[in-house]
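Novice: for reference, the sequence and a predicted model appear below.
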Amino acid sequence: PILVSLLDPLVKVIVYQDVSELRKLGFACYSKYVNMFSLSGRYSVYNHLLNTVNHSGLLGWTISSLKDSIALSLTKSGQHPEYTGHSLSKLVLPLFTLSNGAQTDLLEVSDEVLATINFAHYLLVRDKENISGVQNIKPEIKNWVAQLEEGLKMSTAHYEQ
């Protein structure tokens, strides 16, 4: 709890600080903070961040970092159960939801959407043996993709007017 309490002020510096150098320093601390934990320890950090960070760019980086951690855990089969099955589903299922469904402003959330697409693509291609359990959440991923497609069609229609 004490270490997690550092994250919220750090995120505020990264997102709201007017001075560019301080934002960059804040982000450097953020990335080092996430990576200072073992793979098992990062699970709790990701759980906290994915449920509290609202900035699309920072969420995008966090999702990419999560993907990298899962990639490491897949190379060490069986050593990191928190990145498999129900634990992984619990962590990543919220990523496959658009806040306002197809009406979500995709430009506003583009960083997190792109990172999530990359994340899903990586897991679906890399984990052919379903070690992570990604195949179990395929219906949710397909539903999210359908929402994205509908949102893109709506955006295109809006800008063609």
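Specialist: Looks like it arrived, so ask away.

Novice: so Thr116, which state does it fall into?
Specialist: What DSSP: H, G, I helix; E, B strand; the rest coil gives for Thr116 is helix.

Novice: list the contacts for the nearest residue to it once chain neighbours are set aside?
Specialist: Nearest non-adjacent residue to Thr116, counting by C-beta to C-beta, 6 or more residues apart in numbering: Leu95, 4.9 Å away. C-beta here means a position set from N, CA and C on the backbone, and glycine is covered the same way. Neighbour list for Leu95: 50, 63, 112, 116, 119 [criterion: C-beta atoms under 8 Å, 6 or more residues apart in numbering].

Novice: which of these fall within helices?
Specialist: Among the contacts of Leu95, the members falling in helices (DSSP state H) are 50, 63, 112, 116, 119.

Novice: and the gap between the second one and Gln161?
Specialist: Counting by C-beta to C-beta, to the nearest Å, the gap from Ile63 to Gln161 is 33 Å.

Novice: ok, the two, which is more surrounded?
Specialist: Ile63 (25 against 4; other C-beta atoms under 10 Å).

Novice: mind listing what that one touches?
Specialist: Contacts of Ile63 (C-beta under 8 Å, 6+ apart): 50, 95, 112, 115-116, 118-119.

Novice: need the phi and psi values for Asn130.
Specialist: Backbone geometry at Asn130, expressed as degrees, to the nearest 10, gives phi 60, psi 40.

Novice: now the longest helix anywhere in the chain: average pLDDT?
Specialist: When the chain is parsed with DSSP H, its longest helix is helix 138-160. Mean pLDDT, helix 138-160: 91.

Novice: now tell me what touches that helix from outside.
Specialist: With contacts defined as C-beta under 8 Å, 6+ apart, helix 138-160 is touched by 93, 96-98, 101-104, 106-107, 113, 116, 120, 124.

Novice: just the buried members of those?
Specialist: 96, 98, 102, 104, 113, 116, 120 (16 or more other C-beta atoms under 10 Å).

Novice: quick one: pLDDT of the fifth one?
Specialist: In the predicted model, Val113 carries a pLDDT score of 96.

Novice: so who does it touch?
Specialist: 106, 148.

Novice: so where is this protein shaky, pLDDT-wise?
Specialist: Along the chain, the parts satisfying pLDDT under 70 run over 1.

Novice: switch to 90 and redo it
Specialist: Residue ranges of the chain with pLDDT under 90: 1-5, 74-80, 99-102, 105, 107, 128, 154-161.
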